[in-house]
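Enquirer: what would the 3D arrangement of this be:
(2 chains)
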Protein chains: 2
Amino acid sequence: MIAKTPKPPYYAVIFTSILGDFKEGYSEMADLMVSLAEKQKRFLGIESARDGLGITVSYWKDLESIKMWKENIDHRVAQEKGRKDWYKAYMTRISKVERDYCFDR
Amino acid sequence: MIAKTPKPPYYAVIFTSILGDFKEGYSEMADLMVSLAEKQKRFLGIESARDGLGITVSYWKDLESIKMWKENIDHRVAQEKGRKDWYKAYMTRISKVERDYCFDR
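Expert: Residues are numbered from 1 along each chain as shown, chains lettered A, B, ... in the order given. Alright, predicted model coming up:
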């Protein structure tokens, strides 16, 4: 689903990742993290796709809400497990959305 | 592949899309647009994934290079065809990357 975000400005966390061969438990944890993120204050939406490369973009009202999510204790456990077991490589980019354009048939 | 972008700040164009039922010619056009984008001035990289929802993030040095790519004549033809034939809906978000963190095993 395309996230229904408010009028800019707001923030996007672009998380791009490549999984290693061991994937046990990964998709359950990913689903759990999405449902947990959705409960955070000032969370605006999330979009995710994977076909080899995984891209998850989460949207937030401000930098403080991103920081709080990064430091959330359950999320920290997931991040640690991700680095130890699942991810071959990842990149997190924090960006400020300045403009958007939509098309809907 | 995770794009090898320079130290921030730089810009990210987050393009999220849902295709309709008619997909003929879409993947060829998408590949063509990637190879054309890579030839543009101040293009920094691109990441793409689709599993139902499609997410393509292209990275650029500045807003001017994004504007030039948006107005590129071959790209305009592809955009028009996308709206007419392929996309059910899409959202384009222009954002400024302020920070990044990477992990590589």
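
Enquirer: and the top helix by length along chain A, does that touch chain B?
Expert: What stands out as the longest helix in chain A, according to DSSP state H, is helix A:26-37. No - judged by CB under 8 Å from any CB of the partner chain, helix A:26-37 stays clear of chain B, getting no closer than 11.9 Å. Yep, even glycine has a C-beta here, placed from its N, CA and C like the rest.

Enquirer: packing partners of that helix?
Expert: Contacts defined by 3 or more CB pairs under 8 Å, 6 or more residues apart in numbering or on different chains; DSSP states H and E place helix A:26-37 against strand A:43-51, helix A:73-81.

Enquirer: now those in JSON lines, with mean pLDDT?
Expert: JSON lines is the format used below for these (pLDDT from 0 to 100):
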{"stretch": "strand A:43-51", "mean pLDDT": "97"}
{"stretch": "helix A:73-81", "mean pLDDT": "97"}
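
Enquirer: and these as TSV, adding distance to chain B?
Expert: TSV is the format used below for the helices and strands packed on helix A:26-37 (distance: least, CB to the nearest CB, whole Å):
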stretch	distance to chain B
strand A:43-51	4
helix A:73-81	9
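
Enquirer: ok, back up a step: what residues does the longest helix of chain A touch?
Expert: Contacting residues not belonging to helix A:26-37 are listed as A:19, A:43, A:46, A:48, A:58, A:69, A:72, A:74-75, A:78, A:81-82, A:85-86 [CB atoms under 8 Å, 6 or more residues apart in numbering or on different chains].

Enquirer: pull the most distant pair out of those residues.
Expert: A:F43 and A:D85 (25.8 Å; CB to CB).

Enquirer: ok, these two, which is more surrounded?
Expert: Shown here are A:F43 and A:D85; by other CB atoms under 10 Å in any protein chain shown, A:F43 has more neighbours (18 against 15).

Enquirer: just send the helices and strands packed on helix A:26-37 back as a markdown table, with distance to B:I94 too.
Expert: Formatted as a markdown table, the helices and strands packed on helix A:26-37 follow (distance: least, CB to CB, whole Å):
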| stretch | distance to B:I94 |
| --- | --- |
| strand A:43-51 | 16 |
| helix A:73-81 | 27 |
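
Enquirer: so which of those is the most surrounded?
Expert: Highest mean neighbour count of these: strand A:43-51, a mean of 18 (counted as mean count of other CB atoms under 10 Å in any protein chain shown).

Enquirer: what element comes up after it heading to the C-terminus?
Expert: Counting by DSSP states H and E, the element after strand A:43-51 in chain order, helix or strand, is strand A:53-60.

Enquirer: mind checking the longest strand of chain A?
Expert: strand A:87-104 (DSSP state E).

Enquirer: C-alpha coordinates for it, CSV please?
Expert: Provided in CSV are the C-alpha atoms of strand A:87-104 (Å, rounded to 0.1, in the frame of the first residue of the first chain):
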residue,chain,number,x,y,z
TYR,A,87,21.5,-8.9,7.3
LYS,A,88,24.4,-9.2,5.0
ALA,A,89,24.4,-5.4,4.6
TYR,A,90,22.1,-2.5,5.1
MET,A,91,21.9,1.3,4.8
THR,A,92,19.7,3.6,6.7
ARG,A,93,19.1,7.1,5.3
ILE,A,94,17.3,9.8,7.3
SER,A,95,15.7,12.3,4.9
LYS,A,96,13.3,15.3,5.0
VAL,A,97,10.5,15.1,2.5
GLU,A,98,10.1,18.5,0.9
ARG,A,99,7.6,17.9,-1.8
ASP,A,100,5.3,15.1,-3.1
TYR,A,101,3.2,14.4,-6.2
CYS,A,102,0.6,11.7,-6.4
PHE,A,103,-1.3,9.9,-9.2
ASP,A,104,-4.4,7.8,-8.6
